[in-house]
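Undergrad: sequence unknown, structure follows:
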């Protein structure tokens, strides 16, 4: 069976477990264990999963839509690597299925049964919730820091210096 690997991180500071190299290593090992031939690796670095405007993602989807499909499966480390927007996930997976291509998470295995589809939908919904909730938490924290007079940035503005204070 021919497979494509898709790996994505949201930021360059992403944690070691989610790093591109860690994802690809796990995906390659999974493919080898299952006798699958890796045709191509698609990687989006420092790209949000909340949008499909990702270069490698678009390239992978375009390849999958060809009349002579180059692969039968797309392997991802987690479903959140494929998309963090439930609607996008549904649309693109349906489009892929019409061409005989499935998306499989190697760490969140689900079966091709009604129960498996429900579990996959729940995982994807939780991923979307996590992303939206994290955005709200970060914004709230930044507002609170700013309201207390703290500058919210890595470096101090021109002409100022950073001073550590006990709050």
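TA: Received the coordinates, thanks. Just so we're clear, the structure is a prediction, and the values are computed from it rather than from any experiment.

Undergrad: residues of the helix-or-strand element of the chain with minimal mean pLDDT that come out buried?
TA: Least confident helix or strand, the chain: helix 114-147 with a mean of 81, by mean pLDDT, DSSP states H and E. Taking 16 or more other CB atoms under 10 Å as the basis for neighbour counts, the residues of helix 114-147 that come out buried are 120, 123, 124, 127, 128, 131. To be clear about C-beta, it is placed using only N, CA and C from the backbone, and glycine gets the same treatment.

Undergrad: what packs against that helix?
TA: Of the remaining helices and strands, those touching helix 114-147 by 3 or more CB pairs under 8 Å, 6 or more residues apart in numbering; DSSP states H and E are helix 79-82, helix 86-98.

Undergrad: for the last one, packing partners?
TA: Applying 3+ CB pairs under 8 Å, 6+ apart, we find helix 86-98 packed against helix 55-64, helix 79-82, strand 102-105, helix 114-147.

Undergrad: at 6 Å instead, please
TA: Counting contacts by 3 or more CB pairs under 6 Å, 6 or more residues apart in numbering; DSSP states H and E, helix 86-98 is packed against helix 114-147.

Undergrad: circling back: could I get the helices and strands packed on helix 114-147 in JSON lines, plus columns for distance to residue 142?
TA: Conversion of these to JSON lines gives the following (distance: least, CB to CB, whole Å):
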{"stretch": "helix 79-82", "distance to residue 142": "23"}
{"stretch": "helix 86-98", "distance to residue 142": "26"}
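
Undergrad: looking at those, which is buried most?
TA: Taking mean count of other CB atoms under 10 Å as the contact definition, the stretch among those with the greatest mean neighbour count is helix 79-82, which reaches a mean of 24.

Undergrad: hang on, the earlier thing: quick one, which of the helices and strands packed on helix 114-147 is nearest to residue 108?
TA: Closest of these to residue 108 is helix 79-82, at 5.8 Å (criterion: CB to CB).

Undergrad: so the least confident helix or strand of the chain versus helix 86-98, what angle?
TA: Per axes from the mean of the first three to the mean of the last three CA atoms, to 10 degrees, the angle that helix 114-147 makes with helix 86-98 is 150 degrees.
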